[in-house]
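Colleague: Next one to model:
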Amino acid sequence: MTLDPRPDRCARRSGDRALAPRRVGLRRRDRTDRRRPRRRAGSAGLLEALAALGSLDNTEVALVSGRSLDFLQNIPGAPSGVWLAGSHGAELGHRPPAALEPKQQHLLDLVTSDLRTLANSTDGASVEEKSGSVAFHYRNVDPSLTSSLRSTVLDGPGALAGIETKFGKMVIELAVFTANKGHAIGAIRHDSGVERVMYLGDDVTDEDAFEILVEGDVGIKVGEGATAAPWRVADPDEVTMVLEYLLDARRRHWVLNTGLPTGT
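Modeller: Sure, this is the predicted structure:
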């Protein structure tokens, strides 16, 4: 897919109704650019930009995450009125949660117990329970132990029939049914009625979303790593700068299409 590197052009191509999930950027993934100095924006600036985008007519904002829906609903300073998708799309804030079958619930209880036992015996490890899955976090574990921990998880509870394994940044998630961020974007696209999607993400699990984008959508990888996204930005600070640029572009696009003076 050929994309114009200027975010105002991307905004125009996004149609009359656009979805702007999480993050956005504008550097070709295979191109080395000279970067201009940038200010430190921080998470506050990112959340403010998302809130401002969400307040625009014909623009939807979504937070799509591997974290639980409860976690997303309680992020300090998070914008209101946004679409939420937690647990890699297994939990959608605007849809009732899927009920587990008794066999699935038994399997989930079993692997959760195994992972809790492992975490309790490993300094720095933790377990996060979600709807239909459980995540084993080992970011704070002694690096010399991570390889053996991964093997323990994958060869133990992760090898059970009926378990789907997902890998993130220093986390392994075991799920009892299939759900991913691509499914989440598909559901939000359908339910919101948006015509174009701009999706940005920094994790391995975001690749599922990049892979389902269609002609006219925009996918941007945040940070290093192999990706299916055609565009890349370095970090959240660059994300905030581009979101602010996009916000200005969509405001001007609305003014031009309503016939109001551009200074209004």
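Colleague: So which bits of the longest helix along the chain are buried?
Modeller: In the chain, assigned by DSSP state H, the helix with the most residues is helix 236-258. For helix 236-258, burial by neighbour count (16 or more other C-beta atoms under 10 Å) applies to 236-247, 249-251, 253. In this view, the C-beta of every residue, glycine as well, is placed from N, C-alpha and C.
Colleague: before we move on, what about stretch 215-222?
Modeller: 217-222.
Colleague: ok, of the residues you listed, which one's closest to residue 196?
Modeller: Closest approach to residue 196 among the buried residues of stretch 215-222 (C-beta to C-beta): residue 217, at 5.8 Å.
Colleague: Please name the bridge partners of the closest residue in space to that closest one that isn't next to it in sequence.
Modeller: Among residues not flanking residue 217 along the chain, residue 197 sits closest, at 4.5 Å (C-beta to C-beta, 6 or more residues apart in numbering). Each beta-bridge partner of residue 197 is listed here, defined by DSSP bridges: residue 19.
Colleague: For residue 92, see how far away residue 197 is.
Modeller: 16 Å (C-beta to C-beta, to the nearest Å).
Colleague: follow-up on the earlier one: adding pLDDT, write the buried residues of stretch 215-222 out as JSON lines.
Modeller: Formatted as JSON lines, those follow (pLDDT from 0 to 100):
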{"residue": "217", "pLDDT": "94"}
{"residue": "218", "pLDDT": "92"}
{"residue": "219", "pLDDT": "93"}
{"residue": "220", "pLDDT": "93"}
{"residue": "221", "pLDDT": "94"}
{"residue": "222", "pLDDT": "94"}
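Colleague: For residue 139, state which of these is nearest.
Modeller: residue 222 (17.7 Å).
Colleague: give the contact list for residue 45.
Modeller: Neighbour list for residue 45: 240, 244 [criterion: C-beta atoms under 8 Å, 6 or more residues apart in numbering].
Colleague: Thanks a lot, catch you later.
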